[in-house]
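Undergrad: Pasted the sequence and its predicted model underneath.
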Amino acid sequence: MKRALIFGGGIYGNEFPEIRPGDFIIAADKGAEILMNRGLTPHITVGDFDSSSVIPEENVIKLPVEKDITDTHAAVDAALREGCDEIHIYGGMGGRVDHTFANYSLLSSLAEKGITAYLFGENYRITALFNGKITLSGKKGSTISVFSWSEECKGVSLKGVKYPLENAVLYKNFALGVSNSFAEENAEISVAEGILLIMQEISVDK
């Protein structure tokens, strides 16, 4: 798997993400400034630079301010062109609420394409699951919530959590899956039909 790490200008956790050898690094707008302040150089910088005065001299995809997609969306498109099949988005929450919501849509779109993707905030990791199964590890007692991003999600099962479900139906307009928690170190989540948005609390030492 080829992993892309996208750095935006939003909120980060107490620990900066680990960059592994072979990771493809993309800065989205102000993310270039954040990386530069840490002495890091992205492979590509994407953005209209309406929120940052720092524009790298090389490997820049300059976007118009008036466009149909966000800078983060353009960064995801760049990652897909590079053949990345796992995408981690940092600094994509904590700023404008509409941009955060747009990133939820990005996760759902990537899930439908079979791309593993995570959105990281200060204390949360968010992913989307489409017609499949995922196992997540977490601290016992930490929060995990699931929401139907589709109008309805059929065949939803939750194991290893305080409030398990078996072959349930979740609806977009009723947040039944909110505020669950890890009962074990691993939680298994599956959905037979539909897109689940999964929000997991992560501790600062993870």
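TA: Good, I have the coordinates. Residues are numbered from 1 along each chain as shown.
Undergrad: Let me know the outermost residue of the chain.
TA: Distance from the centre of the chain peaks at E57, with 27.9 Å (C-alpha atoms, centre = their mean).
Undergrad: what's that residue in contact with, if anything?
TA: By C-beta atoms under 8 Å, 6 or more residues apart in numbering, E57 lies in contact with nothing. For every residue, glycine as well, the C-beta is placed using N, CA and C.
Undergrad: quick one: secondary structure of it?
TA: At E57, secondary structure determined by DSSP: H, G, I helix; E, B strand; the rest coil is coil.
Undergrad: I'd like to know how far it sits from T45.
TA: The spacing between E57 and T45, counted by C-beta to C-beta, to the nearest Å, is 10 Å.
Undergrad: give me the beta-bridge partners of A27?
TA: On the basis of DSSP bridges, A27 is bridged to F7, T45.
Undergrad: And the residue farthest from the centre of the chain, how far from G141?
TA: Taken as C-beta to C-beta, the span from E57 to G141 is 48 Å.
Undergrad: again, but for S190
TA: Counting by C-beta to C-beta - S190 and G141 are separated by 22 Å.
Undergrad: before we move on, what about E58?
TA: For E58, the distance to G141 equals 47 Å [C-beta to C-beta].
Undergrad: so what pLDDT did the closest residue to I202 other than its chain neighbours get?
TA: Closest residue in space to I202, ignoring its immediate chain neighbours: R125 at 5.1 Å, by C-beta to C-beta, 6 or more residues apart in numbering. pLDDT for R125: 95.
Undergrad: Can you classify R125 by secondary structure?
TA: Here R125 is strand, with the state taken from three-state DSSP.
Undergrad: Measure how buried it is and give me the count.
TA: Close neighbours of R125, defined as other C-beta atoms under 10 Å, add up to 19.
Undergrad: ok, now which ones touch it?
TA: Y118, L119, M199, Q200, I202.
Undergrad: same question, L5
TA: Counting by C-beta under 8 Å, 6+ apart, L5 has contacts P17, I19, D23, F24, I25, I26, H88, Y90.
Undergrad: again, only using 6 Å
TA: Going by C-beta atoms under 6 Å, 6 or more residues apart in numbering, L5 touches D23, I25, H88.
Undergrad: Counting neighbours, which of the residues you listed comes out on top?
TA: H88 (21 neighbours).
Undergrad: which strand residues sit across from that one in the sheet?
TA: Residues in beta-bridge contact with H88 (DSSP bridges): L5, Y118.
Undergrad: Against T135, how distant is it?
TA: H88 is 18 Å from T135, by C-beta to C-beta.
Undergrad: and if you look at G83?
TA: From G83 to T135 the distance is 25 Å (C-beta to C-beta).
Undergrad: list the buried ones in stretch 69-78?
TA: Neighbour counts over stretch 69-78 (16 or more other C-beta atoms under 10 Å) mark T70, D71, T72, H73, A74, A75, V76, A78 as buried.
Undergrad: now, which of the residues you listed lie within helices?
TA: Taking DSSP state H as the definition of helices, the buried residues of stretch 69-78 contribute D71, T72, H73, A74, A75, V76, A78.
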